[in-house]
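# Sequence and predicted structure, then a few things I'm wondering about:
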Protein chains: 2
Amino acid sequence: MFLARVFVSPKSTVSDPEGRTIQGGLRQLGFDTVDTVRAGKFFQISLGEANREEAVDKIREMCEKLLSNPIIEEYSFELEEVTPSP
Amino acid sequence: MFLARVFVSPKSTVSDPEGRTIQGGLRQLGFDTVDTVRAGKFFQISLGEANREEAVDKIREMCEKLLSNPIIEEYSFELEEVTPSP
């Protein structure tokens, strides 16, 4: 069993209005050392694959098909083997 | 200068309708080994603090004040020192 942590972000060439809005909000709150903010999505997915290679393939396929929009977003992920709770 | 990667998730005791919807979508696509899905937010923030302790304090304060809702969400972050581009 694996726990995947998936990170989805707008590509650096794509404008990110949510990130810009958050940047503006942080500066208004007095965080004036904030330079850029990119806003994205974070998923924690547990899946019952038996081995790491299969789990990596599945997560990559999920990212391409549902979790990200590969035209405007990029993704990365980490995979951790976990012991299922009894 | 530092780059922070901030992860915000619903607390495990809080229901996560977005995560459940994504879980359902993944299963419909044939990913039947998917167990749970938690959906959250991911921010990449560059900030011009001079030292790590200050940067950690600032990011924690940003998380408490704007990036997360501490009542229903939990956050974590990683901080990496980066060289500013000239």
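Right, received. Where do you want to start? Note that the structure is predicted; figures quoted are calculated from it, not measured.

# how about the helices in chain A?
With helices called from DSSP state H, chain A shows them at A:17-28, A:52-62.

# closest to residue B:65 out of these?
For these, proximity to residue B:65 was assessed by C-beta to C-beta; helix A:17-28 is nearest, at 8.6 Å. C-betas here are computed from N, CA, C, even on glycine.

# Make a markdown table out of the helices of chain A and add mean pLDDT and distance to chain B.
Listed next are the helices of chain A as a markdown table, based on pLDDT from 0 to 100; distance: least, C-beta to the nearest C-beta, whole Å:
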| stretch | mean pLDDT | distance to chain B |
| --- | --- | --- |
| helix A:17-28 | 97 | 6 |
| helix A:52-62 | 96 | 6 |
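
# can you tell me how far the spatially closest residue to residue A:61 that is not a sequence neighbour sits from residue A:65?
If the residues on either side of it in the chain are set aside, residue A:61 comes closest to residue B:31, at 7.7 Å by C-beta to C-beta, 6 or more residues apart in numbering or on different chains. Distance, residue B:31 to residue A:65, by C-beta to C-beta, to the nearest Å: 9 Å.

# The two - which one has more neighbours?
Using other C-beta atoms under 10 Å in any protein chain shown as the criterion, residue B:31 and residue A:65 rank with residue B:31 on top: 18 against 14.

# Quick check, that one in contact with residue A:59.
No. With contact defined as C-beta atoms under 8 Å, residue B:31 does not count as touching residue A:59 (9.4 Å).

# Around chain B, which positions in chain A sit nearby?
A:1, A:5, A:7-9, A:19, A:22, A:25-26, A:29, A:31, A:33-49, A:58, A:61-62, A:65-67 (C-beta under 8 Å from any C-beta of the partner chain).

# at 7 Å instead, please
Neighbours of chain B within chain A, by C-beta under 7 Å from any C-beta of the partner chain: A:7-9, A:25-26, A:29, A:31, A:33-49, A:58, A:62, A:65-66.

# Buried among the residues you listed? Need that as a selection in PyMOL.
PyMOL command restricting the residues of chain A next to chain B to the buried ones, with burial defined by 16 or more other C-beta atoms under 10 Å in any protein chain shown:
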select buried, chain A and resi 7+8+9+25+26+31+33+34+37+38+39+40+41+42+43+44+45+46+47+49+58+62
